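Engineer: Make a model of this:
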Amino acid sequence: MRLVLCAVALALMFASSGGVAQSYPSRPVRIVTAPIGAGNDFMARLIAQGLTAPLGQQLVVDNRPAGILGELVAKSPPDGYTLLAVGSVLWLTPLLQDNVGYDPVKDFAPIAVTSRSVNLLVVHPSLPAGSVKALIALAKARPGQLNYATGGTGSSNHLAGELFKSMAGVNLVRIPYKGAGPAVNDLLSGQVQIMFPTTASSLQHVKSGRLKALGVTSLKPTVLAPGLPALAESGLPGYESVVIYGLFAPAKTPPAIIERLNAELVPFLRSEATTERLLNSGVEPVGSSPRELATVMESEMTRMGKLIKDARIRAN
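Structural biologist: Next up, the predicted model:
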């Protein structure tokens with residue numbers, strides 16, 4: 001009798017899950033993301049355009065201040081009608097500051113890695129270093145005399161620089177700016193010497209000869225910067241500093257809804273048209289399983305958490 005009851009319960013559970021998947025969505029879906037113009041906003045709008053037809057309901061982008069995104073979605077009903085399009089900042093912010101209002105692991109249900117972006121290691125042409133190994137040798141010969149520019153504390157270019165310092169065992173002086181734009185401008189003018197900017201903000205200056213690129217921060221070479229080696233292959237084995245973008249739902253969202261969203265999202269991200277649009281914007285399409293996104297988060301929180309702690313990086 002007990003076996004029969006268990007079988008009935010399982011049947012009801014799967015029937016309910018299937019019913020949820022078939023009836024979802026029955027009204028518009030909101031994608032919460034960063035302010036208009038940010039990389040997350042571009043990704044959210046692309047997803048909204050691509051999934052509206054397959055899901056049969058309008059996906060609406062809801063732009064909010066970056067500082068409240070995680071807490072807002074974490075506290076939303078877990079019904080699949082509020083999603084979050086965000087990057088690595090979701091799980092890095094709690095490592096950089098206290099009282100963020102959410103737990104990146106417990107409060108969200110991963111849907112998929114949507115894309116990723118990499119940074120370049122670039123130097124002003126006046127710096128006598130033509131390779132990663134040459135830069136490391138120069139920095140060791142001049143401890144504390146070379147500097148690198150960054151945007152805000154905890155930004156991708158900041159963490160990439162700190163990881164370089166740690167793994168190369170060099171002493172570079174950080175020159176912080178309010179944003180990556182002013183930092184790139186000062187690098188172009190020779191006011192600073194080194195930077196780890198995104199491909200989108202710096203590749204054109206490399207092509208024009210105004211900056212000298214030594215490598216990319218991904219583990220392997222990338223189509224985003226053809227011809228450039230990875231730092232991991234050029235003197236820093238294992239070096240990797242990338243920004244991961246993902247789509248999330250609040251924790252406890254029914255698995256059937258997560259699976260439905262993933263099943264529609266991944267083929268869209270991997271389509272030829274979407275791939276072209278993403279590459280042109282400076283990011284690589286990915287498209288992963290929910291488990292893969294969860295694994296990436298856990299791995300990055302451990303790896304970058306150690307770097308942040310050892311370097312004593314704290315956001316204001």
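Engineer: for the stretch 1-150 of the chain, what spans make up the strands?
Structural biologist: 29-33, 59-63, 82-87, 108-118, 120-123, 147-150 (DSSP state E, counting those that start in this stretch).
Engineer: Okay, angle between the longest one and strand 82-87 too, please.
Structural biologist: Relative orientation of strand 108-118 versus strand 82-87 (axes from the mean of the first three to the mean of the last three C-alpha atoms, to 10 degrees): 30 degrees.
Engineer: Pairing partners for strand 108-118, with directions?
Structural biologist: strand 242-250 (antiparallel), strand 284-285 (antiparallel) (DSSP bridges).
Engineer: next SSE after the shortest one?
Structural biologist: Right, the one you point to is strand 284-285. helix 290-310 (DSSP states H and E).
Engineer: The first one now?
Structural biologist: Next helix or strand after strand 242-250 toward the C-terminus (DSSP H and E): helix 255-269.
Engineer: And the contacts of that following helix?
Structural biologist: Contacts of helix 255-269 with the rest of the structure, by C-beta atoms under 8 Å, 6 or more residues apart in numbering, involve 17-18, 20-21, 24, 47, 50-51, 54-55, 79-80, 83, 109-112, 114-115, 247, 249, 274-275, 278, 285-290. Every residue, glycine included, has its C-beta placed from N, CA and C.
Engineer: what does stretch 274-294 give?
Structural biologist: Contacts for stretch 274-294 (C-beta under 8 Å, 6+ apart): 39, 42-43, 46, 50, 105, 109-118, 198-200, 203, 222-224, 244-246, 258-259, 262, 265-270, 296.
Engineer: Using neighbour counts, pick out the buried residues of it.
Structural biologist: 274-275, 277-278, 282-288, 290, 293-294 (16 or more other C-beta atoms under 10 Å).
Engineer: surely A85 meets T114?
Structural biologist: Yes - A85 is within contact range of T114, at 7.3 Å (criterion: C-beta atoms under 8 Å).
Engineer: sorry, back to before: how about TSV for the strands of the stretch 1-150 of the chain, with distance to L163 and mean pLDDT added?
Structural biologist: As requested, the strands of the stretch 1-150 of the chain are exported to TSV (distance: least, C-beta to C-beta, whole Å; pLDDT from 0 to 100):
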stretch	distance to L163	mean pLDDT
strand 29-33	27	98
strand 59-63	31	97
strand 82-87	17	97
strand 108-118	13	97
strand 120-123	11	98
strand 147-150	12	97
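Engineer: Any chance of the ones you listed in JSON lines with mean neighbour count and distance to E233 as columns?
Structural biologist: Shown next, in JSON lines, are these (neighbours: other C-beta atoms under 10 Å; distance: least, C-beta to C-beta, whole Å):
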{"stretch": "strand 29-33", "mean neighbour count": "23", "distance to E233": "34"}
{"stretch": "strand 59-63", "mean neighbour count": "17", "distance to E233": "38"}
{"stretch": "strand 82-87", "mean neighbour count": "26", "distance to E233": "25"}
{"stretch": "strand 108-118", "mean neighbour count": "25", "distance to E233": "14"}
{"stretch": "strand 120-123", "mean neighbour count": "26", "distance to E233": "12"}
{"stretch": "strand 147-150", "mean neighbour count": "23", "distance to E233": "21"}
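Engineer: Redo the ones you listed as TSV? Include distance to V73.
Structural biologist: Shown next, in TSV, are the strands of the stretch 1-150 of the chain (distance: least, C-beta to C-beta, whole Å):
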stretch	distance to V73
strand 29-33	5
strand 59-63	10
strand 82-87	4
strand 108-118	7
strand 120-123	32
strand 147-150	28
